[in-house]
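Colleague: Just the structure for this:
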Amino acid sequence: MNEEKSQNNRERIILHLDLDAFFASCEEVRKQELRGRPVVIGADPKDGKGRGVVSTCNYEARKFGIHSAMPISWAFRACPHAIFLPVDMRYYMETSVRIMQQAREKFPECKFELASIDEVTFDVSTFGFDGAEKLAREFKKELKKKEGLTCSIGLGPNALVAKIASDFQKPDGLTPVKPHEVKMFLYPLHVRKLPGVGPKMEEALKALGVETIGQIQNYDKAKLAKVFGKNGEYLHLEAQGKSDREIGGEWKAKSISRQATFEEDTSSQERILAALDALVEEVLEDARESKTRFKTIIVKVRYENFETHTRQKKFRSPVLEKDAKIWARELMKGFLKIGRGVRLIGFGVGGLEEEKNK
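Modeller: This next block holds a predicted model:
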């Protein structure tokens, strides 16, 4: 089946919606005096001696090099005059639920995939390209009016292109990419815009004389496969803007998870475990707010070469919060003994069930 056609031979159109700097933007909505100032959400910096990490930050803070998963002490040194605030997951979740419901009402009866608290993907093929773009513009205006927030939206023939397009004009962007425009849209972009391309692969590609997606498009596929194995084949396909991944999901979550990508690969156990602790707390807060218990704990690690592994532990009865924190560290430590550079970590819980009223 042609990847740009749906089952009834209709042109496939995917919309990716990403709420801009969501946690920090939520704080700016309820505290107007924060607008225009660098805002960092995460652990208490304790005057540069804090041990936690940055959860997220606004665009003003990013000008100082601050980013998610950065040790909070580093963020404080980079911008000591920033406003440091704790994560208020209840507030963010309540806001997210409202917005996602508004999005579902705007794109009714469309298959969707809730990627995270601030990202969602819809199959909007039923509206046609022009119709989907019109609805996207309307939604952006309504979001700003109702919630005081902005989002960036990408439209494309598949989820890969839509995701890259949503990042193209951040913040508050709308980037439609029609099927015949895909290769030219991707052509001048840096290789890091492709999912899975991080610092190590970027350097390896640079050694081959490749720095843009267009250069990957024109590179010999067999040579890429020789250097990167299966990843080389995927890379060549993605550079053409090809992806046949279907969109679909359930509104009721089967799991709750968070992940964090380090700006630079790290083998520091202290830094990795501090980031893990922050992810665990965010997931536990989500579980509390949704009155959900869980029987499975999952950790994920992605190494510098993009090799990805997960480990999980299942329990017969719902897990206590203190045990979840202990087991998360135990499972993660098994990945860290070999001292390899780590690019990304994740934590999640599964086997969900509603909390019984006492």
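Colleague: What distance do you get for the residue lying closest to Ser25 once chain neighbours are set aside to Asn218?
Modeller: Nearest residue to Ser25 in three dimensions, chain neighbours excluded: Leu149, at 5.3 Å (CB to CB, 6 or more residues apart in numbering). Where you see a C-beta, it was placed from the backbone N, CA and C, and this is true even at glycine. From Leu149 over to Asn218 the distance is 40 Å, taken as CB to CB, to the nearest Å.
Colleague: which intervals of this structure have sub-threshold pLDDT?
Modeller: Applying pLDDT under 70 to the chain picks out residues 1-10, 248-254, 306, 356-358.
Colleague: Tell me where this structure has helices.
Modeller: 22-30, 59-62, 72-78, 89-106, 128-147, 159-166, 182-186, 199-207, 213-217, 221-228, 230-239, 269-289, 321-336 (DSSP state H).
Colleague: so which of those is the most packed in?
Modeller: helix 159-166 (a mean of 24; mean count of other CB atoms under 10 Å).
Colleague: how far out from the middle of the chain is that one?
Modeller: 12 Å (CA atoms, centre = their mean, to the nearest Å).
Colleague: can you pull the contacts of the spatially closest residue to Gly48 that is not a sequence neighbour?
Modeller: The shortest distance from Gly48 to any residue other than its chain neighbours is 4.5 Å, reached at Phe76 (CB to CB, 6+ apart). Residues near Phe76 by CB atoms under 8 Å, 6 or more residues apart in numbering: Pro45, Asp47, Gly48, Gly50, Ala82, Phe84.
Colleague: who's in contact with stretch 229-237?
Modeller: Contacts for stretch 229-237 (CB under 8 Å, 6+ apart): 194, 196-197, 201, 216-217, 219, 221, 223-226, 228, 243, 306.
Colleague: how far away is the closest residue to Phe347 other than its chain neighbours from Cys57?
Modeller: Computed as CB to CB, 6+ apart, the closest residue to Phe347 that is not its neighbour in sequence is Leu279, at 4.3 Å. Using CB to CB, Leu279 is found at 16 Å from Cys57.
Colleague: From Arg51, how far out is the residue nearest in space to the middle of the chain?
Modeller: When CA atoms, centre = their mean is applied to the chain, the residue found nearest the centroid is Ser116 (6.7 Å). Distance, Ser116 to Arg51, using CB to CB: 25 Å.
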